[in-house]
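Visitor: what would the 3D arrangement of this be:
(one chain, ligands or ions: 1)
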Amino acid sequence: MSNNKRIVYADNAATTRLSDKAYEAMLPFLKESFGNPSSVYSLGRDAAKAVLDARKRVADAIGADVQEILFTSCGSEADNQAIRSAAAAGAKAGRRHIVTSAFEHHAVLRCCEYLQTQGFEVTYIKPDSRGLISPSQVADAIKSDTCLVSIMFANNEIGTIQPIPEIAAVCKEKGVPFHTDAVQAVGHIPIDVKAQGIDMLSLSGHKLHAPKGVGVLYCSRRLSLSPIIFGGSQERGRRAGTENVPAIVGLGAVIGDAVSGISARREKVLAMRERLIDGLMESIPDITLNGDRQMRLEGNINLSIKGIEGESLLMLLDMEGICASSGSACESASLDPSHVLKSIGLDEAAAKGSLRLTINEENNDDDIDYILEKLPLLTQKLRALG
Ligand code: PLP
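Guide: Numbers count the residues shown, from 1 in each chain. As a prediction, the model looks like this:
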């Protein structure tokens, strides 16, 4: 790649740039402070102290107690452990029904599908055409043998934000544990697990300027977690494996800023997003915005562009230095139309002709102008090719 090539990174839902603060905090733990947190000598104790410090920061950021924070390798692992733990507890109590939504991330969906092969029944609630799930849909789906409700805080493709405190209240009233995949929400929506009634929550470092390779599962102390990785007694026996100390430290270094700066960043990003949506709507005929315009993450734009294949558009955008996606990054190797877009009622052609742009505070007005200049031309070019 030429150094002169202009790059506009508009795929922050896929991953974010590692912040300088996270990088600086990690460096000592990649070099001189390399001890194993389980070791008794001071090099090990220093690493253990750094992990504890990060755990406190994560707990503070989401209103949890420090013992309720479990470090995992990623958001997917956190989702899997939450669901498998609730299923294990449910099975013991004769409760083998799970409620989730049809447009969850595959980390949730595939885990639920696996549990179906093990005799669990799963209800997949369909969001409405705006990409929203109502508390009453959740109430209607819960049965006497439901052992878990898992509904994502914000969708990774269309960015829609669910009424999580209201859904959690329904679960509480019915006595069912509630998990939320908040991988796309932390750092964008204020979260307080206690005030919002959340029993379990997953998050992922690389979505908030921390490194890849670290996730978190918050689990209320009222519930018990079963390990999905067996071995040593790290994480108080709930997850075996030597801790990824540098990544955990990186997450601890930035999570406070991620949550305290939400409203300051939101204003700037929202203004850019609205200008981008309006500009694209004016300059490209036959496009629609997927997902509710108001109840969505401030940096998310998901469009269906009639008559084009999303994948072809991505390649042309890449040639112009614009990083975007069609569907989610984790499914980019799949040519199947997005399950998220299908769940809100789009037909196959509209789902395949989708484009996701996810901007954040690191973008600027020049980036928006550049996308507004290039995208209509590239769309025209593809449509002309028919
Ligand atoms: N859940 C959601 C909503 C996501 O967007 C992602 C990643 O894109 C994940 C889970 C998985 O997170 P990770 O990449 O840390 O496994």
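
Visitor: helix, strand, or coil at Glu361?
Guide: coil (DSSP: H, G, I helix; E, B strand; the rest coil).

Visitor: contact partners for the residue nearest to Gly241 when sequence neighbours are not counted?
Guide: Spatially, and ignoring its direct neighbours in sequence, Gly241 is nearest to Ile229 (5.7 Å; Cβ to Cβ, 6 or more residues apart in numbering). C-beta: built from backbone N, CA, C; applies to glycine. By Cβ atoms under 8 Å, 6 or more residues apart in numbering, the contact list for Ile229 reads Arg239, Ala240, Gly241.

Visitor: show me where the stretch 251-386 of the chain has its helices.
Guide: 262-283, 310-319, 339-343, 348-352, 365-385 (DSSP state H, counting those that start in this stretch).

Visitor: tell me what angle the second one forms with helix 365-385.
Guide: So that's helix 310-319. Orientation check (axes from the mean of the first three to the mean of the last three Cα atoms, to 10 degrees): helix 310-319 against helix 365-385 gives 130 degrees.

Visitor: coming back round to it: would you mind giving the secondary structure of the residue nearest to Gly241?
Guide: Ile229 ends up coil, using three-state DSSP.

Visitor: phi first, then psi, for it.
Guide: With angles defined as degrees, to the nearest 10, Ile229 sits at phi -120, psi 120.

Visitor: looking at the stretch 201-350 of the chain, which residue is nearest the ligand?
Guide: Residue of the stretch 201-350 of the chain nearest the ligand, by Cβ to the nearest ligand atom: Ser204 (3.3 Å).

Visitor: Throw the contacts of Ile229 into CSV and include neighbour count, distance to the ligand and secondary structure, thanks.
Guide: Formatted as CSV, those follow (neighbours: other Cβ atoms under 10 Å; distance: Cβ to the nearest ligand atom, whole Å; DSSP: H, G, I helix; E, B strand; the rest coil):
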residue, neighbour count, distance to the ligand, secondary structure
Arg239, 24, 15, coil
Ala240, 14, 19, coil
Gly241, 15, 16, coil
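
Visitor: now, among those, which is nearest to Ile301?
Guide: Arg239 (36.2 Å; Cβ to Cβ).

Visitor: Gln81 is in contact with the closest one, correct?
Guide: Yes. Assessed by Cβ atoms under 8 Å, Arg239 is found in contact with Gln81 at 7.3 Å.

Visitor: give me the number of residues near Ser144?
Guide: 9 (other Cβ atoms under 10 Å).

Visitor: now swap in the one 5 residues further on and tell me
Guide: Burial measure for Val149: 27 neighbouring residues, criterion other Cβ under 10 Å.

Visitor: where's it, which helix or strand?
Guide: strand 146-150 (DSSP states H and E).

Visitor: what is that strand packed up against?
Guide: helix 75-92, strand 97-101, helix 164-174, strand 178-181 (3 or more Cβ pairs under 8 Å, 6 or more residues apart in numbering; DSSP states H and E).

Visitor: between these, which gets nearest to the ligand?
Guide: Taking those one by one with Cβ to the nearest ligand atom, helix 75-92 is closest: 2.8 Å.

Visitor: now that closest one: mean pLDDT?
Guide: The average pLDDT within helix 75-92 is 98.

Visitor: stretch 371-382 now?
Guide: 98.

Visitor: which residue is the nearest non-sequential neighbour of the residue lying farthest from the centre of the chain?
Guide: Going by Cα atoms, centre = their mean, the residue of the chain most distant from its centre is Tyr41, 37.4 Å out. Spatial nearest neighbour of Tyr41, chain neighbours left out: Gly35 (7.4 Å); criterion: Cβ to Cβ, 6+ apart.

Visitor: residues touching the closest residue to Asp11 other than its chain neighbours, list them.
Guide: Using Cβ to Cβ, 6+ apart and skipping the chain neighbours, the partner closest in space to Asp11 is Cys323 (4.6 Å). Neighbour list for Cys323: Ile7, Val8, Tyr9, Ala10, Asp11, Leu317 [criterion: Cβ under 8 Å, 6+ apart].

Visitor: for the residue nearest to the first one when sequence neighbours are not counted, which residues are in contact?
Guide: Spatial nearest neighbour of Ile7, excluding adjacent residues (Cβ to Cβ, 6+ apart): Gly321 at 4.7 Å. With contacts defined as Cβ under 8 Å, 6+ apart, the neighbours of Gly321 are Lys5, Arg6, Ile7, Val8.

Visitor: how about 6 Å then?
Guide: Lys5, Arg6, Ile7 (Cβ atoms under 6 Å, 6 or more residues apart in numbering).

Visitor: and the gap between it and Asn4?
Guide: For Gly321, the distance to Asn4 (Cβ to Cβ, to the nearest Å) stands at 10 Å.

Visitor: send the alpha carbons of stretch 362-369 over as CSV?
Guide: Below are the C-alpha coordinates for stretch 362-369, written out as CSV (Å, rounded to 0.1, in the frame of the first residue of the first chain):
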residue,chain,number,x,y,z
GLU,A,362,-11.6,9.7,14.8
ASN,A,363,-13.3,10.5,11.5
ASN,A,364,-13.7,14.1,10.4
ASP,A,365,-15.6,16.3,8.0
ASP,A,366,-13.1,15.7,5.2
ASP,A,367,-13.7,11.9,5.5
ILE,A,368,-17.5,12.6,5.1
ASP,A,369,-16.9,14.8,2.1
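
Visitor: in it, which residues are buried?
Guide: Asn363, Asp367, Ile368 (16 or more other Cβ atoms under 10 Å).

Visitor: stretch 290-299 vs the ligand: in contact?
Guide: No. Under the criterion of Cβ under 6 Å from any ligand atom, stretch 290-299 makes no contact with the ligand; the nearest approach is 10.8 Å.
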